[in-house]
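1. no sequence on this one, just coordinates:
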């Protein structure tokens, strides 16, 4: 009986050590995921590369279906990335109406340039927030941070598809 108790105690100690090690590794992993979906091409094209060099005319282009334009996709990403960033910072949303349909916007050239800069800034701040987070925050935010990176990668892929379809994609 005493041996079982000792073995159980060792198991709990090992699990808590492993959990701390996993949490310590979580920050760099999440930061890397955010970096890959923002600036550094890895398995897929990040948002910064996907939108580079686009004009507002190209960004606002839509096919004859109900598909979204590049501008609408980037506006959508900026909105949801900002919502998550504000939530991680503990900001109050009690008076804020979240309506996904309103996130899809078209832009003038100046507006397009601004939304691209805004998304870039928000993504950079999310990465910095992750790098400066403590273990408790990382554990709490991990699922959402991972979803943000996946969501950004998904829509960056749509942007690249639209660009390729229209002959606007030049890897150089």
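-> That came through, no problem. Just so we're clear, the structure is a prediction, and the values are computed from it rather than from any experiment.

2. all strands for this protein, in order.
-> With DSSP state E as the criterion, the chain has no strands.

3. So, low pLDDT: which residues of it?
-> The chain contains residues with pLDDT under 70 at 1-24, 172.

4. So which residues of it form helices?
-> 2-38, 47-51, 56-60, 70-88, 109-132, 135-165 (DSSP state H).

5. Out of those helices, which gets nearest to residue 103?
-> helix 70-88 (4.1 Å; Cβ to Cβ). (C-beta placed from N, C-alpha, C; glycine too.)

6. Just list what the closest one packs against, helices and strands only.
-> helix 47-51, helix 56-60, helix 109-132, helix 135-165 (3 or more Cβ pairs under 8 Å, 6 or more residues apart in numbering; DSSP states H and E).

7. For those helices, give me CSV that also has mean neighbour count and distance to residue 97.
-> Shown next, in CSV, are the helices and strands packed on helix 70-88 (neighbours: other Cβ atoms under 10 Å; distance: least, Cβ to Cβ, whole Å):
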stretch, mean neighbour count, distance to residue 97
helix 47-51, 22, 25
helix 56-60, 18, 25
helix 109-132, 17, 20
helix 135-165, 17, 20
